[in-house]
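**Q** Just a sequence and a predicted model for now, questions to come.
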Amino acid sequence: QQPVQSPQAVILREGEDAVINCSSSKALYSVHWYRQKHGEAPVFLMILLKGGEQKGHEKISASFNEKKQQSSLYLTASQLSYSGTYFCGTEDSYGGATNKLIFGTGTLLAVQP
Amino acid sequence: GAGVSQSPSNKVTEKGKDVELRCDPISGHTALYWYRQSLGQGLEFLIYFQGNSAPDKSGLPSDRFSAERTGGSVSTLTIQRTQQEDSAVYLCASSLRLGYEQYFGPGTRLTVT
């Protein structure tokens, strides 16, 4: 039931790009993305809804493939501030807009100078 | 404006004692969520409240865990007869309404000795 994230960890140099993937075994209503820095609370990045609607920060891009039950988060021209653990949270389609999120185990991203 | 606040920030308790964790959501947010995060792990959904509807308690790990939300605002998570495996960071989040981004509080770090 818990979505699977890949990769588990990635190290980048400033300016490099990265893709973080999130896969579910269930049909999904929405996918949420959050970033958590060490010792801090998770911070909202993006919501992707079934049907194509997206809500999020302008500098963040992501995709949601409903058929494959997958979402990808695209980090381009990475900055030091992008470092942290990225979590996807999935809401299955059975319950509709419950906003009950099941989070993945996270992807640790480290951006080096 | 003020964000989500939680108290206490740290709590050390002896095995078998009861603890109460408090969450003050953002004013006007109708939805409130509790999550648990064990060391190095992802976010585990516990319970959510939406307006005056019955809470979704499906994530509570045992009947030792309970939560209430008074007046549609402040929420208290109670853990009775604490066990060592209850040690974790307990995070509270609120959102304007279902389907919107969640704003997380700083968490309460619970240590059961």
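**A** Now that the structure is in, tell me what you want to look at.
**Q** Just after the lowest-mean-pLDDT helix or strand in chain A, pick out the following helix or strand.
**A** In chain A, the helix or strand scored least confidently by mean pLDDT, DSSP states H and E is strand A:54-56, which has a mean of 81. Note on strand A:54-56: by DSSP states H and E, the next helix or strand toward the C-terminus is strand A:61-65.
**Q** could you point out which element follows that following strand?
**A** Where DSSP H and E defines the elements, the next helix or strand beyond strand A:61-65 is strand A:70-75.
**Q** three-state assignment of B:Leu39?
**A** coil (DSSP: H, G, I helix; E, B strand; the rest coil).
**Q** Tell me how many other residues surround it.
**A** 8 (other CB atoms under 10 Å in any protein chain shown). (C-beta placed from N, C-alpha, C; glycine too.)
**Q** What are the boundaries of the strands in chain B?
**A** Assigned by DSSP state E, the strands in chain B fall at B:5-7, B:10-13, B:19-24, B:31-37, B:44-50, B:65-69, B:75-79, B:88-95, B:103-104, B:108-112.
**Q** Out of these, flag the one nearest chain A.
**A** Smallest distance to chain A across those (CB to the nearest CB): 3.8 Å, for strand B:103-104.
**Q** Any part of the closest one near chain A?
**A** Yes. Contact between strand B:103-104 and chain A, assessed by CB under 8 Å from any CB of the partner chain, occurs at B:Tyr103, B:Phe104.
**Q** B:Ser87 contacts B:Gln41, doesn't it?
**A** No. Contact criterion CB atoms under 8 Å: B:Ser87 and B:Gln41 do not qualify, at 11.9 Å.
**Q** Pick out whichever of the two has more residues nearby.
**A** Set B:Ser87 next to B:Gln41 and count neighbours by other CB under 10 Å: B:Ser87 wins out with 17 against 13.
**Q** Could you measure from the more buried one over to B:Lys11?
**A** Taken as CB to CB, to the nearest Å, the spacing of B:Ser87 relative to B:Lys11 amounts to 10 Å.
**Q** A:Gly39 too?
**A** Shown here: A:Gly39 relative to B:Lys11, a distance of 17 Å by CB to CB.
**Q** Near chain B, which residues of chain A are found?
**A** For chain A, the contact set with chain B under CB under 8 Å from any CB comprises A:2, A:30, A:32, A:34, A:40-44, A:47, A:49, A:55, A:87, A:89, A:97-106.
**Q** Take those and keep only those in strands.
**A** Short answer: the residues of chain A next to chain B in strands (DSSP E) are A:Ser30, A:His32, A:Tyr34, A:Val43, A:Phe44, A:Ile47, A:Leu49, A:Lys55, A:Phe87, A:Gly89, A:Ile102, A:Phe103.
**Q** Apart from its neighbours in sequence, what residue is nearest the residue nearest to the spatial centre of chain B?
**A** Closest to where the C-alpha atoms of chain B average out (CA atoms, centre = their mean) is B:Trp34, at 3.4 Å. The spatially closest residue to B:Trp34, leaving aside those adjacent along the chain, is B:Leu46, at 4.3 Å (CB to CB, 6 or more residues apart in numbering or on different chains).
**Q** ditto for A:Glu40
**A** Distances taken as CB to CB, 6+ apart put B:Pro106 closest to A:Glu40, at 7.5 Å, once the chain neighbours are dropped.
**Q** And B:Ser66, by the same measure?
**A** With CB to CB, 6+ apart, the residue lying closest to B:Ser66 is B:Thr78, at 5.0 Å.
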